[in-house]
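Asks: Generate coordinates for the sequence data below:
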Amino acid sequence: MAFSTYPSESTPLTSPSSYQSGSSIASSDDSKDALNTKYDEFEDEDKLARKLLACNGNVELESIVMRRSLDISFHAPKGGRVSQLNKSKSRRSLKEDQSLFQKMFTMISLALLGLLTIFVLLQVSSLIVGPPSQPVGPYQLVEAQEGDQFFDKYDFYIGKDSAGSKGYVNYVSRDEAVELGIANVTWEDIDPYIFGLHNDTKGDESNTRQDEKAGKEPFVYMSTSSTAEGPRNSIRLEGLHRFNRGLFILDLRHMPAGCATWPAYWLTDEPNWPVNGEIDILEGVNGQTRSKTAMHSTKGCDMNDVPLGIMTGNWDTAVGVPKQNGDIDTTRREARDCFVYAEHQWLNQGCVATHNQKDTLGAPLNKKGGGVFVLEWDPINRFVKSWVFSPHTAVPDNLRRTLQSANNKDAVNRVRPDPITWGLPYAYFPIGKGTNCEADHFRNMHLIFNIALCGTVAGNRFFMDCPDLKAKYGSCHNYVNADTPAMDEVYWKIRGVYIYEREWKREWIDDIGNY
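Replies: Residues are numbered from 1 along each chain as shown. Prediction:
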């Protein structure tokens, strides 16, 4: 029975059922044999094309031809039939995935092998070339600031105090300071017992200062003077040289002291503050009597990793700090965060270590004839340390001989400072690799000496630190304007500043700073 659903009637074809059973449709036996022969012999595309043409548009027959030609099972159940063609494609896809995986594995293996090779080469080269050159050798003198050349090492800042300090002063030029008599160098009789009695060999060149003459030695003076306008003329020196490390030794005989005073000897890079940091080596406010070292930085520098037993001082504290919601934080906390905007600390308080003795600053220090202040800033060995030796008889032997020989013209006769022999510092700040404070928080800084009056610290604390004067004069500014005899104590007297840096040397340094 012919299918009437196909448009062509010229070539009668069999139905699927009659085809499977081998029955003939309206065609001759010869035609059927020929067609069956063609089904068996089609092996390439040309034969398949002719075979499909012979189907004369019968879709069912074409489907049968395609299945047989491509060796696809015809008897698989309709609902779960899996195409052998798809299986073939899946096998090809699997082979391609396996090939891609092998390529990726090979590439990763080669990359790892390359990294391992580089690492091995670096290790081998380091053994061959040796350790890197670093500033880990003995200290050598890089600058001696004393006598008539002292002021040549600095620029005189001119103008009002910075907006952050707002000191009640007017900083003047070098010429004006000399003319006013608030900056000068004087030669005074040598005190042979300033460092106490020692059994030094008389001919020992290392104990002879080269700037001494006719039994006298030079001292640098800096002070203030009154003005009709109110703010006192003052001095702010800014060092010409920049430092990224060093041993800074100050031989001090007198510092500005008393109510309304705010003197400081410090390191900073003010145009890039606080990015490049600040280290306050000596700073007094009103009647304070304890020395302190403060460090100020950007976020990410704290001293919560300071080992026990490594310093003799204590940490400053903060209490009563206003919260953002207006409440007062009554919890007393140690000032260990150097970040200038640290939460739970006063604005720009920084991390502050204080001396354990009450006579290392201000009037009590001056009464003892001053002292020697030392800051060791050593980022390679991962620390900043501070010492105060007062009176001068407390100065360790190595440091004494270092000071006495610092300006010797023959470097061979200079004694090298060796801080490891001086005892524990009162302040210790871990910085550098493996600490809570990366070394680059403090860099490119220069020394500053200044005398500020009142301002954002001494002025704000005036009512608390100097209540009697506050009651009498009403304000810090009024007290300064009164030009009382107490202003005569507002001056620096300095024997010298000596700066050392470690020599560059090829040395390995371990993870805890040993070499």
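
Asks: Which residue ranges of the stretch 301-450 of the chain form helices?
Replies: Counting by DSSP state H, counting those that start in this stretch, residue ranges of the helices within the stretch 301-450 of the chain are 362-367, 397-405.

Asks: now those helices in a markdown table, with distance to Ala439 and mean neighbour count?
Replies: No exception for glycine: its C-beta is placed from N, CA and C like everyone else's. As requested, those are exported to a markdown table (distance: least, Cβ to Cβ, whole Å; neighbours: other Cβ atoms under 10 Å):
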| stretch | distance to Ala439 | mean neighbour count |
| --- | --- | --- |
| helix 362-367 | 31 | 19 |
| helix 397-405 | 25 | 20 |
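
Asks: With distance to Gly496 and mean pLDDT as extra columns, can I get those helices in TSV?
Replies: As requested, the helices of the stretch 301-450 of the chain are exported to TSV (distance: least, Cβ to Cβ, whole Å; pLDDT from 0 to 100):
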stretch	distance to Gly496	mean pLDDT
helix 362-367	17	98
helix 397-405	8	97
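
Asks: Of all these, which one is nearest Arg461?
Replies: helix 362-367 (13.7 Å; Cβ to Cβ).

Asks: Contacts only, for Asp483.
Replies: Applying Cβ atoms under 8 Å, 6 or more residues apart in numbering to Asp483 gives the contacts Ser226.

Asks: Quick check, pLDDT for it.
Replies: The predicted local distance difference test score for Asp483 is 97.

Asks: and what of Lys103?
Replies: Confidence for Lys103, expressed as pLDDT, is 81.

Asks: tell me which element it is part of?
Replies: Taking DSSP states H and E as the criterion, the element that holds Lys103 is helix 84-129.

Asks: Out of the helices of the stretch 301-450 of the chain, which is closest to Asn272?
Replies: helix 362-367 (31.0 Å).

Asks: Just the C-alpha atoms of that closest one, please, in CSV.
Replies: Coordinates of each C-alpha in helix 362-367 appear next as CSV, following Å, rounded to 0.1, in the frame of the first residue of the first chain:
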residue,chain,number,x,y,z
GLY,A,362,63.0,69.9,82.8
ALA,A,363,64.1,71.7,86.0
PRO,A,364,65.3,68.6,87.8
LEU,A,365,67.5,67.7,84.8
ASN,A,366,68.9,71.2,84.6
LYS,A,367,69.7,71.1,88.4
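
Asks: Quick one: residues in contact with stretch 147-161.
Replies: Applying Cβ under 8 Å, 6+ apart, the set of residues contacting stretch 147-161 from outside is 143, 145, 167-174, 177, 183, 185, 211, 218, 220, 231, 235-241, 447, 449-450, 452, 455, 494, 496-497.

Asks: For it, the averaged confidence score.
Replies: Averaging pLDDT residue by residue across stretch 147-161 gives 97.

Asks: Do me a favour and get the end-to-end distance for it?
Replies: Using Cα to Cα, to the nearest Å, one end of stretch 147-161 lies 27 Å from the other.

Asks: In it, which residues are buried?
Replies: 147, 150-151, 153-154, 156-157, 161 (16 or more other Cβ atoms under 10 Å).

Asks: can those residues go into CSV with extra columns for secondary structure and distance to Arg67?
Replies: Listed next are these as CSV, based on DSSP: H, G, I helix; E, B strand; the rest coil; distance: Cβ to Cβ, whole Å:
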residue, secondary structure, distance to Arg67
Gly147, helix, 110
Phe150, helix, 106
Phe151, helix, 106
Lys153, helix, 100
Tyr154, strand, 100
Phe156, strand, 103
Tyr157, coil, 98
Asp161, coil, 98
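
Asks: just to revisit the earlier point, now that we have the contacts of stretch 147-161, which of them are buried?
Replies: Neighbour counting over these (16+ other Cβ under 10 Å) leaves 143, 145, 167-172, 174, 177, 183, 185, 211, 218, 220, 231, 235-237, 239, 447, 449-450, 452, 455, 494, 496-497 as the buried ones.

Asks: Return the subset of these lying in helices.
Replies: Secondary structure defined by DSSP state H assigns 174, 177 of these to helices.

Asks: Now, the buried ones among the contacts of stretch 147-161 that are in strands?
Replies: Applying DSSP state E to the buried ones among the contacts of stretch 147-161, the entries found in strands are 143, 145, 169-171, 183, 185, 218, 220, 236-237, 239, 447, 449-450, 452, 494, 496-497.

Asks: Hmm, Asn56 and Glu62 touching each other?
Replies: No - with contact taken as Cβ atoms under 8 Å, Glu62 and Asn56 are classed as non-touching, separated by 9.5 Å.

Asks: can you give me the strands in the stretch 351-500 of the chain?
Replies: 351-354, 371-378, 383-389, 427-429, 446-453, 492-506 (DSSP state E, counting those that start in this stretch).

Asks: Walk me through which strands the second one pairs with, and which way each runs.
Replies: Each strand paired with strand 371-378, and its direction, by DSSP bridges: strand 246-254 (antiparallel), strand 383-389 (antiparallel).

Asks: The longest one too?
Replies: In the sheet containing strand 492-506, its partner strands are strand 133-145 (antiparallel), strand 216-222 (antiparallel), strand 246-254 (antiparallel), by DSSP bridges.

Asks: Now do that strand against strand 446-453, angle only.
Replies: Taking axes from the mean of the first three to the mean of the last three Cα atoms, to 10 degrees, one finds that strand 492-506 is oriented at 160 degrees with respect to strand 446-453.

Asks: Report the mean confidence score over stretch 189-197.
Replies: The predicted model gives stretch 189-197 an average pLDDT of 91.

Asks: Report the distance from that stretch to the chain centre.
Replies: A distance of 43 Å separates the centroid of the chain from that of stretch 189-197, by Cα atoms, centre = their mean, to the nearest Å.

Asks: Name the residues that touch that stretch?
Replies: Outside stretch 189-197, the residues that touch it by Cβ under 8 Å, 6+ apart are 212, 215-217, 369, 392-393, 395, 400, 404.

Asks: tell me which of these is nearest to Met464?
Replies: When the contacts of stretch 189-197 are compared against Met464 (criterion: Cβ to Cβ), the nearest one is Gly369, at 29.5 Å.

Asks: what residues does stretch 344-354 touch?
Replies: Among residues not part of stretch 344-354, those counted as contacts by Cβ under 8 Å, 6+ apart are 164, 278, 280, 290-297, 301-303, 311, 313-316, 318, 321, 329, 331, 333, 335-342, 386, 426-429.

Asks: which of the residues in it are buried?
Replies: Residues of stretch 344-354 classed as buried by neighbour count (16+ other Cβ under 10 Å): 345-346, 348-354.

Asks: just stretch 479-489 next, same as before
Replies: By 16+ other Cβ under 10 Å, the buried positions in stretch 479-489 come out as 479-481, 487, 489.

Asks: picking up where we left off before, could you identify the least confident member of the contacts of stretch 189-197?
Replies: Looking at the contacts of stretch 189-197 by pLDDT, the weakest one is Glu212, with 63.

Asks: could you list every residue that touches Gly300?
Replies: Counting by Cβ under 8 Å, 6+ apart, Gly300 has contacts 339, 437-438, 441.

Asks: How about Thr227?
Replies: 170, 233.

Asks: again, but for Arg400
Replies: Contacts for Arg400 (Cβ under 8 Å, 6+ apart) come out as 195, 198.

Asks: how far away is it from Thr456?
Replies: From Arg400 over to Thr456 the distance is 38 Å, taken as Cβ to Cβ, to the nearest Å.

Asks: so can I have JSON lines of the contacts of stretch 189-197 showing distance to Phe462?
Replies: Below are the contacts of stretch 189-197 laid out as JSON lines (distance: Cβ to Cβ, whole Å):
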{"residue": "Glu212", "distance to Phe462": "42"}
{"residue": "Gly215", "distance to Phe462": "43"}
{"residue": "Lys216", "distance to Phe462": "40"}
{"residue": "Glu217", "distance to Phe462": "37"}
{"residue": "Gly369", "distance to Phe462": "28"}
{"residue": "His392", "distance to Phe462": "32"}
{"residue": "Thr393", "distance to Phe462": "35"}
{"residue": "Val395", "distance to Phe462": "34"}
{"residue": "Arg400", "distance to Phe462": "39"}
{"residue": "Gln404", "distance to Phe462": "41"}
